[in-house]
Structure formats: C-alpha cells, structure tokens
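[1] Requesting a structural model of the entry that follows:
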Amino acid sequence: MDEPRRSLDDYGPEEMAIPEWRLLQKVGGDWAKGLGGTPGQFFNKITDELADELNIVVVDILTGRAKWGVEISDAGPVCASMSARENQSIYGDDCLKCPDRADAPWALDATERRQKCCLNYTILGIDLDHGYLPVILRAHGTSALASRQLITQLKMNRALHGEYFRAVVNIKCQEKNTPFGTTYVIHPKITELITDENKAKELKAESLRLLGAPLALPEGRPDDLETTPLGFTPEGTPFYSEEEREKLMAPAEAPVETPQETPLAKVAERIETLRQATESADKAAETTAEKEPAPPPLEEPKVEPERKLDLDF
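    Numbers count the residues shown, from 1 in each chain. This next block holds a predicted model:
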C-alpha cells in the first residue's frame with residue numbers, strides 16, 4: 001500500500017531558502033559576533049554556524065549588480081539587477097545607460113564604490129563539510145575580483161572538461177590593508193579533483209537539481225564592502241562602531257607622575273649651590289688666616305731733617 005504523498009515531497013529548489021555564508025568584517029554582523037564570531041570568519045545566516053574556511057563544489061556562478069544607499073542598514077539595495085548579462089534593472093531600466101555603472105569595483109576605493117552600481121557575483125554551491133547542503137556566497141566589492149579568478153580556475157582546468165562538480169574549492173579569507181584598516185576578501189582555490197565516480201555521480205545529480213533555484217537579493221548592505229570608520233582615536237586608530245569607540249577611548253589608569261622641576265626652580269637651585277660654595281670658600285680662607293702668623297709691620301723709612309744753607313757772610 002502506497003503511503004500518502006506529502007506536499008514537502010513536491011517542493012523543488014524554487015521553494016528553498018538556500019543558506020548563505022557571509023564573511024564577517026569589522027562592520028556589521030552583530031548577530032554573528034554576539035555568537036562569538038570574529039572578523040575574517042564565515043557565518044551561516046540560517047544555521048548560525050561559524051567557520052574559518054569553506055569546502056564546496058560550485059554549481060553555478062551568477063553575475064548581478066547592486067547599488068546601495070549611503071546608510072549602513074538592513075535595507076536592501078536601492079537599485080539592482082539579478083542578471084548583469086541582460087543589462088536590465090529590477091525596475092526595468094537599461095543598465096547600459098546608468099551613470100553609476102561600475103564594471104570593476106575592485107579598482108575603486110571604498111568611498112567611490114559606495115556611490116556606484118557595482119558588479120557582483122553570487123556563488124551557488126554544495127557544502128561538502130555540512131552534509132551536502134546547498135549554499136550561496138555573495139562576492140561584492142573587492143571580493144568580486146576573487147570570483148573572476150575562480151571562474152578562470154574552473155574554465156581553464158582541462159581535467160574538468162566542464163564537470164565543475166568534480167572540483168573541490170576551498171574558500172578562505174584574505175586580509176587586505178586599506179587606508180581605514182584591515183578588511184577581508186574571499187580567496188577561492190581548487191584543492192582537489194574528485195575521482196570517486198559514485199561521489200561524482202551524486203554531486204552531479206545534486207548540482208542539476210539546484211540549477212534554477214531562485215536567489216533573492218541580499219538583505220542589507222553586504223559586510224564584505226570596505227567601510228569608512230566612524231572616527232579615529234587621538235592616536236589615529238580607526239573605530240567602526242560605538243562599542244569599539246568606547247573601548248578604545250576608555251580612560252586608562254593615570255600613571256603616577258613625579259613632579260618635574262621647572263626652569264625657575266633649577267635656576268634657584270644653581271644660585272643656592274653657588275652661594276654655599278662661596279661661603280665655604282670664605283670660611284676656608286678665614287681658617288687659613290688664623291693658622292698663619294701675621295707678617296711683621298713694615299718699618300717706615302727715616303727722613304733726615306732738611307738742612308738749611310747759611311747765607312750770612
């Protein structure tokens with residue numbers, strides 16, 4: 001006897017909310033950081049898991065566009081395109097005529113990039129470390145270039161023959177120094193080719209099943225964009241949140257300062273030293289004078305009386 005069929009059995013990729021891994025930065029990701037996440041780690045928005053690196057096979061890489069507002073908030077992009085190849089925005093506008101179009105966001109500094117509608121990539125894959133769950137990883141800003149490098153690795157590997165599900169891709173984060181401090185970009189690399197035919201067959205079936213899964217626009221400004229700091233400490237250290245500002249600006253225990261002598265005090269000390277030296281010299285002279293006998297008085301020369309000439313003849 002056949003069991004009754006569930007509605008769940010009929011659901012396909014179009015009904016799935018595919019887990020998204022996000023790369024934590026100094027800004028944003030407050031929920032993940034509250035769970036112990038640190039900048040440079042990956043955070044799964046559905047399972048709340050944290051990971052230092054990911055191992056996936058790529059199902060597909062989609063190209064899109066997004067322009068974000070100035071404010072860092074949970075609001076979506078102010079304009080976007082789900083397929084940059086079609087050059088049409090979600091509002092039906094022609095992306096080729098957009099004055100804010102930017103095709104190389106990695107070549108722009110953070111301030112300019114935030115004002116542009118930038119090219120981005122969405123990597124759809126199968127997570128080999130978490131039970132073959134489907135995953136997406138969005139590459140915006142400077143990470144967009146890393147996605148192009150991954151496309152090159154997959155397309156130019158002759159051993160794959162277009163069977164991308166055979167390539168195990170390791171994704172780590174890479175530090176990048178900017179005028180505003182350290183930011184993190186993804187660093188994908190093919191580390192292994194799957195030769196087990198049973199495993200390859202299973203991954204191929206999963207890959208084909210995931211093709212066509214709808215990918216929603218990202219929620220809120222992506223965390224992998226460089227962001228200007230809120231301010232700087234007096235020493236020049238940038239801070240990116242009020243909490244970090246309070247931590248950096250917290251008054252430290254004041255060291256015990258020894259009073260420093262002023263120039264006037266040093267002059268007075270010098271005068272006193274000279275005075276004491278003069279008194280010592282005078283006392284030494286008096287003591288020497290008492291010990292030595294006084295010299296005899298000088299005799300006055302005798303003066304003979306003046307002789308008068310007798311002029312009487």
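[2] tell me which helix or strand of this protein sits lowest on mean pLDDT?
    Least confident helix or strand of the chain, by mean pLDDT, DSSP states H and E, is strand 238-239 with a mean of 65.
[3] mind listing what the residue lying closest to residue 116 once chain neighbours are set aside touches?
    Sequence neighbours aside, residue 102 is the residue nearest to residue 116 in space, at 3.8 Å (criterion: Cβ to Cβ, 6 or more residues apart in numbering). Where C-beta positions appear, they are placed from N, C-alpha and C, glycine not excepted. For residue 102, the contact set (Cβ atoms under 8 Å, 6 or more residues apart in numbering) comprises 108, 113, 116-119.
[4] Over to residue 16?
    By Cβ under 8 Å, 6+ apart, the contact set of residue 16 is 134, 213.
[5] and it, what pLDDT?
    Listed pLDDT for residue 16 reads 81.
[6] got the residue ranges for the helices in this protein?
    Assigned by DSSP state H, the chain shows helices spanning 7-10, 30-34, 110-113, 143-156, 197-210, 242-249, 263-291.
[7] gap between the one residue sitting closest to the centre of the chain and residue 248?
    The centre of the chain sits closest to residue 182, judged by Cα atoms, centre = their mean, with a distance of 2.3 Å. The gap separating residue 182 from residue 248 is 15 Å, by Cβ to Cβ, to the nearest Å.
[8] Please apply the same query to residue 24.
    According to Cβ to Cβ, residue 24 stands 19 Å off from residue 248.
[9] which one of those two has more residues nearby?
    Between residue 24 and residue 248, counting by other Cβ atoms under 10 Å, residue 24 is the more crowded of the two (21 against 15).
[10] Is the residue nearest to residue 116 bridged to anything, and to what?
    Beta bridges link residue 102 to residue 118, judged by DSSP bridges.
[11] So, low pLDDT: which residues of this protein?
    Along the chain, the model assigns pLDDT under 70 to residues 1, 70-74, 179-181, 219-230, 236, 238-244, 252-267, 281-282, 284-313.
[12] My read is that residue 173 contacts residue 23, right?
    Yes - taking contacts as Cβ atoms under 8 Å, residue 173 lies within contact range of residue 23: 5.8 Å.
[13] Now the common contact residues for those two.
    Residues within reach of residue 173 and of residue 23 at once, by Cβ under 8 Å, 6+ apart, are 40-42, 184-186.
[14] residue contacts, the spatially closest residue to residue 132 that is not a sequence neighbour?
    Take residue 132 and drop its neighbours on the chain: the residue closest to it by Cβ to Cβ, 6+ apart is residue 126, 5.4 Å away. Neighbouring residues of residue 126 by Cβ under 8 Å, 6+ apart: 56-57, 59, 132-135, 165, 203, 206-207, 210.
[15] Residue 126 pairs with what?
    Counting by DSSP bridges, residue 126 forms beta bridges with residue 57, residue 134.
[16] Would you mind listing the buried residues in stretch 87-100?
    Residues of stretch 87-100 classed as buried: 88-89, 95, 98 (neighbour count, 16 or more other Cβ atoms under 10 Å).
[17] Then stretch 245-254?
    Buried, per 16+ other Cβ under 10 Å, within stretch 245-254: residue 245.
[18] I'd like the distance from that stretch to the chain centre, please.
    How far stretch 245-254 lies from its chain's middle: 20 Å, per Cα atoms, centre = their mean, to the nearest Å.
[19] One more: stretch 145-155?
    For stretch 145-155, the gap between its own C-alpha mean and the chain's C-alpha mean amounts to 25 Å (Cα atoms, centre = their mean).
[20] just to revisit the earlier point, look at residue 173 and residue 23 and report which has more neighbours.
    Higher neighbour count among residue 173 and residue 23: residue 23, with 26 against 22, using other Cβ under 10 Å.
[21] Quick one: residues contacting the more buried one.
    Residue 23 neighbours (Cβ under 8 Å, 6+ apart): 40-43, 143, 173, 184-186, 223-224.
[22] out of the residues you listed, which are inside strands?
    In this view, those that belong to strands under DSSP state E are 42-43, 173, 184-186.
[23] pretty sure residue 87 is touching residue 97, no?
    No - Residue 87 lies out of contact with residue 97 (Cβ under 8 Å); the separation is 9.1 Å.
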